[in-house]
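Peer 1: Kindly generate the corresponding structure for this input.
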Amino acid sequence: MPSDLKKRAAEKKALKKSGSVSKKKEDVDVDLLGNAIEKVVVDPSAINRVVTGVLSSRETARDIKITGFSMNISGSELIKETEIELTIGRRYGLIGRNGSGKTNFLQALANREVPIPDHMDMFHLHEEAQPSDRTALQSVVDHVTEEVSKLEARAEQIMEDFGPDDERLTMIYERLDELDPTTFEAQAAELLWGLGFARAMMGKQTKDMSGGWRMRVALARALFAAPTLLLLDEPTNHLDLEACVWLEMYLAQYKKCLVLVSHSADFMNGVCTHMIWITEGRLQYYTGNYDSFCKSVLEDQVTQEKAYKKEQEDIKHLKQFISSCGTYANMVKQAKSKQKILDKMYEAGLTPPVSKERTFGFEFPSSDKLAPPVMSFADVSFSYSGKKEDHLYENVELAVDCDSRIALVGPNGAGKSTLLKLMFGDLTATEGVIQKHSHLSIGRYHQHSTEVLDNSATVLDFFMRTYPNDPPKFVRDIEEWRGFLGRYGVSGKMQTKEIGKLSEGQKSRIVFAMICMKNPNMLLLDEPTNHLDMEGIDGLASAIKNFEGGLMLVSHDFRLIDQVAETIWVCDKKKVTTWKGTIREYKDHLRKGMKKFDASVVK
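Peer 2: Have a look, this model is predicted:
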C-alpha cells in the first residue's frame with residue numbers, strides 16, 4: 001500500500017509542476033482552518049470553552065507535550081498553566097471531582113483546540129453511533145474504511161509537501177498496514193461479539209437500536225480504528241458486567257496511547273498504566289493504576305503534612321526568639337540573623353497545608369422498618385408483548401425485605417432493569433402476582449433520572465419550587481436548603497447555578513437529594529454510578545451501608561457491588577437465581593467462561 005501512495009504522490013507532484021494542479025499552500029491552510037471551524041461548530045460545548053497551550057514536542061514526534069495549558073469554561077478557569085504529556089504505549093486514567101473538567105479536557109483534545117499535530121489520528125468516544133439504515137456490522141466497517149481513506153490522503157499530502165523521508169509517513173504506513181480491508185468484516189464482528197452482539201443483532205439496522213446499543217457500535221468503531229490517541233469517556237456506561245470484563249481485558253493490551261475517563265476503580269486498575277489527576281486547577285501525573293495512585297497520594301500527603309508542621313514550628317520558634325531579643329544591643333545582631341532565615345524561608349515558598357477536596361458524604365434519612373414480606377413475586381411471568389413465547393421471565397418466585405442488600409447481575413437483555421420496573425410498578429406482570437407492603441416507600445434511581453430536572457432553573461430555585469413550604473408539616477428557609485444541598489456536594493456557587501450548566505455527575509447528586517426528600521424504606525438503584533466521581537461513589541456506598549431499608553442494585557461497578565451487596569442474584573434464561581459466592585468470584589467466573597469468537601457469525 002505505501003508504494004501505491006508514493007506513486008500517486010509522484011504523479012500528483014508532476015501534475016502540479018505542469019500547472020494542472022492550481023491549489024496553493026494558502027488554499028490548503030484555508031481548508032484546514034475551515035475544517036477546524038466546522039469542528040467547533042459541531043461541538044456546542046466548545047462555544048463556552050477557551051483553551052490555550054503551546055506544542056513543546058517536535059511537530060513530527062510520536063509523543064505529545066503541550067506547555068502553558070489552560071482551560072476556561074464560561075468564565076470559570078478549571079485548569080491553569082499546566083502541562084499535557086501523552087506518551088505512546090501508556091494508558092492513562094483521567095480522574096478528578098465532578099465538574100473538574102474531565103469531559104471538557106477530552107473534548108478540547110478531540111477538537112484539536114490545543115496544537116496536536118495533524119499526523120496524530122484520534123478517536124473520541126463520547127456519543128452513540130447515529131441511527132441509520134446501516135447495520136451494526138456495516139457501521140463499524142464503514143467507519144474504518146473511511147479512516148483508511150483519510151490516512152491515505154494524509155500520507156499523499158505529506159509526501160507531496162515534505163518528501164518521502166518525512167518521519168510522519170512511517171507512522172501512517174504502520175497504521176495502514178494494520179488495516180487490511182480483506183479482514184474488516186471478520187474483525188468488526190469479533191469486536192461486536194465481545195461487546196455482547198449476537199449474530200442477529202449485528203445484522204440489525206442502527207435506527208432500530210436503543211441508544212445503549214448504538215453506543216456499543218460507537219465503541220466497536222473506536223476499538224477497530226485503534227488510533228494513535230484513543231479518548232474514551234465512560235466507555236462502560238452501557239455495558240453489562242460480562243462486556244465490562246471483556247473490554248477491560250481488551251484495553252489492557254492497547255499498545256498506543258489511551259486516555260480513559262471512568263468511574264470504575266476496578267476497571268481502571270485492570271487497564272491503566274498511568275493516572276492523570278485534575279486537582280487544584282492542574283494536571284498531576286502518577287505511574288501505576290488507580291490503587292497505586294491512591295497509595296502515592298496518601299504517602300505524599302503524609303510527607304507534606306510532616307513538612308508543613310515542622311516548618312510552622314520552626315517559624316513559630318524563630319518569631320518567638322526575635323520577639324524576646326527586644327532592643328538589647330548584644331541580641332539585635334542575633335535577631336537580625338534569625339529574621340534573615342525567616343525571610344529566606346518566605347522567599348523560597350512555604351509548604352502549604354494538605355488540602356483535601358470536599359467529599360460527597362450524605363446519609364439516607366431514617367425510615368420505618370417494615371415487617372416482612374415487604375415485596376414478593378409469586379409465580380410471576382412477564383413479556384413486553386404479553387405473549388408467552390416472548391417471556392423474559394417465567395414462574396419467578398422471590399422476596400425482598402428491609403434487610404435485603406441484593407445486586408442483580410446477568411447478561412445484557414436478560415431483564416435486570418425490567419425486574420426493577422416490575423418492582424416499582426412501571427410494568428405489570430403478564431402472569432402471577434406481585435405484592436407490596438402498603439407502607440412501602442421506594443427511592444428510585446435510573447439512567448434517565450436527571451431528565452426530571454429543570455435545566456433553566458438554579459438548584460436552589462428548583463428545590464424551593466419542587467418542595468414548597470407547607471406549614472406546619474414542612475417548613476424550610478433558604479439557609480436550611482443551602483445546608484441540605486451542601487450535604488450532597490452541591491455547595492457554594494453551584495447552588496445558584498443553572499442546572500443545565502452543571503456536569504452530569506453534579507446532576508446525579510441532585511437526584512440523590514430528591515430521593516432523600518422522599519424518605520424511602522427501599523432503594524431501587526439502576527446504574528447509580530454512571531456519572532459520579534470516585535469520591536461520589538464512595539459517599540454513595542457509605543450512605544447505602546448506613547441505610548436502614550432494603551436495597552436492589554443494578555450496577556456494572558464491581559467495587560460498589562463488593563462494598564454494599566450481601567446477596568447476588570443472577571438474571572438469566574428467564575429465571576432469577578442466587579449466586580453462591582462473592583462478586584469477585586463472579587467476575588473470575590465471567591473471565592474464565594468468556595466465549596471465544598465464533599467466526600460463523602459473519603458467514
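Peer 1: Check the nearest residue to Glu167 once chain neighbours are set aside and give its pLDDT.
Peer 2: Among residues not flanking Glu167 along the chain, Thr60 sits closest, at 5.0 Å (CB to CB, 6 or more residues apart in numbering). All C-beta atoms are positioned from the backbone trio N, CA, C, and that covers glycine. We have a pLDDT of 82 for Thr60.
Peer 1: Then Val41?
Peer 2: Val41 is given a pLDDT of 37.
Peer 1: give me the number of residues near the residue nearest to Glu167?
Peer 2: Neighbourhood size, Thr60 [other CB atoms under 10 Å]: 15.
Peer 1: close enough to count as contact, it and Met120?
Peer 2: No: in this structure Thr60 lies outside contact range of Met120 using CB atoms under 8 Å: 10.2 Å.
Peer 1: What separation is there between Trp170 and Leu283?
Peer 2: Not quite, residue 170 is Thr, not Trp. Counting by CB to CB, to the nearest Å, the separation of Thr170 from Leu283 is 29 Å.
Peer 1: quick one: which of those two has more around it?
Peer 2: A count of neighbours by other CB under 10 Å puts Leu283 above the other of Thr170 and Leu283, at 18 against 13.
Peer 1: Report pLDDT for the closest residue to His263 other than its chain neighbours.
Peer 2: Nearest non-adjacent residue to His263, counting by CB to CB, 6+ apart: Thr529, 5.2 Å away. Listed pLDDT for Thr529 reads 89.
Peer 1: Tell me which residues touch Met464, please.
Peer 2: Neighbour list for Met464: Ile478, Trp481 [criterion: CB atoms under 8 Å, 6 or more residues apart in numbering].
Peer 1: Quick check: which element contains it?
Peer 2: helix 459-466 (DSSP states H and E).
Peer 1: For that helix, output the C-alpha coordinates as CSV.
Peer 2: Output in CSV follows, covering the C-alpha atoms of helix 459-466 (Å, rounded to 0.1, in the frame of the first residue of the first chain):
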residue,chain,number,x,y,z
VAL,A,459,-30.5,24.4,42.0
LEU,A,460,-31.9,26.4,45.0
ASP,A,461,-34.9,27.6,43.0
PHE,A,462,-35.7,24.2,41.7
PHE,A,463,-35.8,22.6,45.2
MET,A,464,-37.8,25.5,46.8
ARG,A,465,-40.3,25.3,43.9
THR,A,466,-40.5,21.5,43.9
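Peer 1: Which positions within it qualify as buried?
Peer 2: Buried positions in helix 459-466, judged by neighbour count with 16 or more other CB atoms under 10 Å: Val459, Leu460, Asp461, Phe462, Phe463, Met464.
Peer 1: swap in stretch 392-407?
Peer 2: In stretch 392-407, residues buried by neighbour count (16+ other CB under 10 Å) are Leu392, Tyr393, Glu394, Val396, Leu398, Val400, Asp401, Cys402, Ser404, Arg405, Ile406, Ala407.
Peer 1: Now do it, average pLDDT.
Peer 2: 95.
Peer 1: Stretch 579-594 too?
Peer 2: 90.
Peer 1: in it, what counts as buried?
Peer 2: Using 16+ other CB under 10 Å as the test for burial, stretch 579-594 gives Trp579, Ile583, Tyr586, Lys587, Leu590.
Peer 1: How far off centre is that stretch?
Peer 2: 24 Å (CA atoms, centre = their mean, to the nearest Å).
Peer 1: ok, and what's touching it?
Peer 2: Under CB under 8 Å, 6+ apart, the answer for stretch 579-594 is 241-242, 245-246, 249, 407, 409, 558, 561-562, 565, 568-570.
Peer 1: Please flag which of the residues you listed sit within strands.
Peer 2: Ala407, Val409, Ile568, Trp569, Val570 (DSSP state E).
Peer 1: quick one on the thing from earlier: quick one: buried ones out of the contacts of stretch 579-594?
Peer 2: The buried subset of these (16+ other CB under 10 Å) comprises Leu241, Glu242, Val245, Trp246, Ala407, Val409, Phe558, Ile561, Ala565, Ile568, Trp569, Val570.
Peer 1: Without its sequence neighbours, what residue ends up closest to the third one?
Peer 2: Beyond its immediate neighbours in the sequence, the residue positioned closest to Val245 (CB to CB, 6+ apart) is Leu590, lying 4.8 Å away.
Peer 1: swap in the second one?
Peer 2: Closest residue to Glu242 in three dimensions, ignoring its sequence neighbours and counting by CB to CB, 6+ apart: Leu590, at 5.1 Å.
Peer 1: Now do the one you found against Ser456, distance only.
Peer 2: Counting by CB to CB, the gap from Leu590 to Ser456 is 43 Å.
Peer 1: What strand or helix carries the residue nearest to Glu242?
Peer 2: Judged by DSSP H and E, Leu590 forms part of helix 583-592.
Peer 1: So for Val141, what pLDDT did the model give?
Peer 2: 91.
Peer 1: In contact with it: list those residues for me.
Peer 2: Phe184, Glu185, Ala188.
Peer 1: Which one (most neighbours) among the residues you listed?
Peer 2: Ala188 (26 neighbours).
Peer 1: Going by distance to Asp133, which of the buried residues of helix 459-466 wins?
Peer 2: Nearest to Asp133 out of the buried residues of helix 459-466 is Phe462 (CB to CB; 40.7 Å).
Peer 1: from the buried ones among the contacts of stretch 579-594, which is closest to Gly288?
Peer 2: Distances from Gly288 to the buried ones among the contacts of stretch 579-594, taken by CB to CB, are shortest for Phe558, at 19.3 Å.
Peer 1: was I right about the closest one contacting Thr236?
Peer 2: No: Phe558 lies out of contact with Thr236 (CB under 8 Å); the separation is 10.5 Å.
Peer 1: Now the common contact residues for these two.
Peer 2: Cys244, Ser264.
Peer 1: re the thing from before, could you pick out which of the contacts of Val141 are located in helices?
Peer 2: Residues of these located in helices (DSSP state H): Phe184, Glu185, Ala188.
Peer 1: any idea how far the first one is from Leu223?
Peer 2: As defined by CB to CB, Phe184 lies at a distance of 13 Å from Leu223.
Peer 1: same thing with the last one?
Peer 2: Spatial separation of Ala188 from Leu223 under the definition CB to CB is 10 Å.
Peer 1: And the second one, by the same measure?
Peer 2: With distances defined as CB to CB, the gap from Glu185 to Leu223 amounts to 15 Å.
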